[in-house]
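Provide a 3D model corresponding to the input given below.
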Amino acid sequence: MYSVESLLRDIKNTSLSKPFRILNVCGGHERAITRAGFRTLFQHNIHLIPGPGCPVCICPEEDIAYAIHLAINENVVIVSFGDMLRVPVEHEMGGCSSLIDAKNQGADIRPISSPQEAVSIALEEPRKVIVFFAVGFETTMAPIAATLLNDLPNNFKVLLSGRLTWPAVAHVLESQPNTFDALIAPGHVATIMGSEEWQFAIDHHNLPVSIAGFHPESLLLSLQTLLGNCSNKVVTLSNRYPEVVKQNGNAAAKAIINKAFTIVDAHWRGIGVIPGSGFSFASRLSHLDATNNYAPVDFPSQCAQNVPETTSPCEKVILGKMTPDACPFFGQECKPASPKGACMVSDEGACRIWYSSGERSITNVIKKGNTLKVEMK
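Predicted coordinates for the structure are as follows:
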């Protein structure tokens with residue numbers, strides 16, 4: 001049985017001869033790390049670096065622009081998860097720089113919290129075409145897939161912008177060799193896809209990997225494990241979220257995903273096209289594809305389909321090349337109420353997390369029964 005206090009003590013007592021750079025992929029992990037004030041607790045040479053683990057942040061501009069185009073030029077209702085409405089595009093579409101701009105100009109755009117809510121709107125308003133702008137990683141795409149495999153109303157269409165997580169992490173590691181020393185893998189994604197999916201980091205990059213949950217003990221245990229790998233000069237894949245993550249993942253969820261979608265090359269905002277990283281419709285569901293029902297639109301994005309990454313600060317944050325506070329716009333021109341970049345929009349975006357939470361400190365650890373509660377300032 002590990003306690004938060006003992007884990008903190010072990011981590012602080014670990015001797016490191018040089019900075020130890022850990023890529024933490026998941027936006028949920030970044031939120032937990034920042035709110036717990038972990039960076040202020042450890043010695044200065046343990047670096048926790050947020051990566052491309054925010055689906056809202058990496059949604060390509062051309063997909064958002066197309067959703068804006070449909071909203072203002074076609075007689076459709078656009079529905080999407082709430083954060084997507086506020087993500088800006090650099091080049092305006094029809095005078096609008098986001099879906100919320102288009103909504104404010106009279107377009108019918110509605111926030112939803114689940115794919116089933118999108119279906120309910122289509123059932124309630126059969127004379128309108130409902131286009132579900134579906135964005136997310138594997139944990140979101142599984143329930144979306146389950147929804148799409150049901151009987152759906154004829155007025156229901158989908159603009160699909162789902163992504164697989166591990167290919168983006170592989171891209172970051174390949175494009176920045178010898179930059180990172182270890183990897184904290186996303187627990188929720190591993191719950192669906194399995195812990196074995198992260199073996200590539202060991203096989204191809206010789207990096208230790210620890211899959212973490214979202215409570216302090218799991219994250220601290222992952223840190224302790226990775227530091228132990230460093231001290232003992234070994235490289236292992238450890239699962240520190242065993243209550244939900246299994247080696248082969250969730251077989252039923254993976255079967256549903258495979259039935260609904262095929263895997264294709266896909267564009268990531270701030271990164272470019274990554275092979276085998278996106279979801280497209282299986283042939284049985286191609287009739288749901290909004291792009292088959294409405295004409296394409298030209299969008300003069302700096303992140304056009306085949307253009308490699310640019311050098312804006314937001315994209316450097318996504319790639320783990322820059323911390324949010326190093327961005328010249330952070331907290332100035334770019335704030336949650338008026339985001340300049342995608343990373344300031346979602347509560348899984350590193351910039352939004354850093355701005356909203358700042359660095360906090362663990363002040364007390366109280367044991368209540370068999371649970372540990374971490375109180376923060």
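
so where's the stretch 1-150 of the chain shaky on pLDDT?
1, 43 (pLDDT under 70).

sketch out the helices for it, chain order is fine.
Counting by DSSP state H, counting those that start in this stretch, residue ranges of the helices within the stretch 1-150 of the chain are 4-13, 27-36, 38-41, 55-58, 61-73, 99-104, 115-124, 138-148.

which residues in the chain form strands?
Assigned strands in the chain, in chain order: 20-26, 46-53, 76-81, 109-112, 129-136, 156-162, 182-186, 209-212, 237-240, 261-268, 272-281, 362-368, 371-376 (criterion: DSSP state E).

out of those strands, which comes closest to Gly320?
Gly320 lies closest to strand 46-53 among the strands of the chain, at 4.8 Å (Cβ to Cβ). Every C-beta, even on glycine, is put in place using the N, C-alpha and C of the backbone.

okay, now the sheet partners of that closest one, with direction.
When pairs are called by DSSP bridges, strand 46-53 turns out to pair with strand 20-26 (parallel).

between the strand it pairs with and strand 182-186, how many degrees?
If you take axes from the mean of the first three to the mean of the last three Cα atoms, to 10 degrees, strand 20-26 sits at 10 degrees to strand 182-186.

what's in contact with strand 20-26?
Strand 20-26 is contacted by residues 30, 33, 45-53, 165, 169, 172-173, 179-189, 223, 226-227, 230, 320, 348 when judged by Cβ atoms under 8 Å, 6 or more residues apart in numbering.

which residues are in contact with Pro186?
Per Cβ under 8 Å, 6+ apart, neighbours of Pro186: 25-26, 28-29, 53, 137, 165, 211.

so in the chain, which helix runs the longest?
As assigned by DSSP state H, the longest helix anywhere in the chain is helix 216-232.

check which helices and strands that one sits against.
helix 4-13, strand 20-26, helix 27-36, helix 38-41, strand 182-186, strand 209-212, strand 237-240, strand 371-376 (3 or more Cβ pairs under 8 Å, 6 or more residues apart in numbering; DSSP states H and E).

okay, and the beta partners of Val79?
Arg110, Phe132.

that one touches Ser113, doesn't it?
No - applying Cβ atoms under 8 Å, one finds Val79 not in contact with Ser113, separated by 10.4 Å.

so which residue is dead centre in the protein?
With distances taken as Cα atoms, centre = their mean, Cys54 lies nearest the centre of the chain, 2.3 Å away.

I'd like to know how far that one sits from Thr165.
Noted for Cys54: a distance of 11 Å to Thr165, by Cβ to Cβ, to the nearest Å.

cool, Ile49 as well?
16 Å.

compare those two and say which is more crowded by neighbours.
Neighbour tally, Ile49 and Thr165, criterion other Cβ atoms under 10 Å: the higher count belongs to Thr165, 27 against 21.

next up, the contacts around the more buried one.
Here Thr165 is in contact with 25, 53, 137-138, 186, 189 (criterion: Cβ under 8 Å, 6+ apart).

distance to His287 for those - can I get that in JSON lines?
Converted to JSON lines, the contacts of Thr165 look like this (distance: Cβ to Cβ, whole Å):
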{"residue": "Val25", "distance to His287": "34"}
{"residue": "Gly53", "distance to His287": "32"}
{"residue": "Phe137", "distance to His287": "25"}
{"residue": "Glu138", "distance to His287": "24"}
{"residue": "Pro186", "distance to His287": "32"}
{"residue": "Val189", "distance to His287": "29"}
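
just the closest of those to Ala295, please.
Using Cβ to Cβ, the contacts of Thr165 come closest to Ala295 at Phe137, 29.0 Å.

thought that closest one was touching Trp166?
No - taking contacts as Cβ under 8 Å, Phe137 lies outside contact range of Trp166: 10.0 Å.

for the stretch 151-300 of the chain, which residues score under the pLDDT cut-off?
Ranges of the stretch 151-300 of the chain meeting pLDDT under 70: 300.

ok so, going back, Val79 and Ser113: which has the busier surroundings?
Using other Cβ under 10 Å as the criterion, Val79 and Ser113 rank with Val79 on top: 25 against 9.

give me the nearest residue to Leu7, chain neighbours excluded.
Closest residue to Leu7 apart from its sequence neighbours, by Cβ to Cβ, 6 or more residues apart in numbering: Leu220 at 3.9 Å.

correct me, but the one you found touches Leu8?
Yes - if you go by Cβ under 8 Å, Leu220 and Leu8 touch, sitting 6.5 Å apart.

which one of the two is surrounded by more residues?
Leu220 (25 against 19).

who touches the more buried one in this structure?
Contacts of Leu220 by Cβ under 8 Å, 6+ apart are 2, 4, 7-8, 11, 38.
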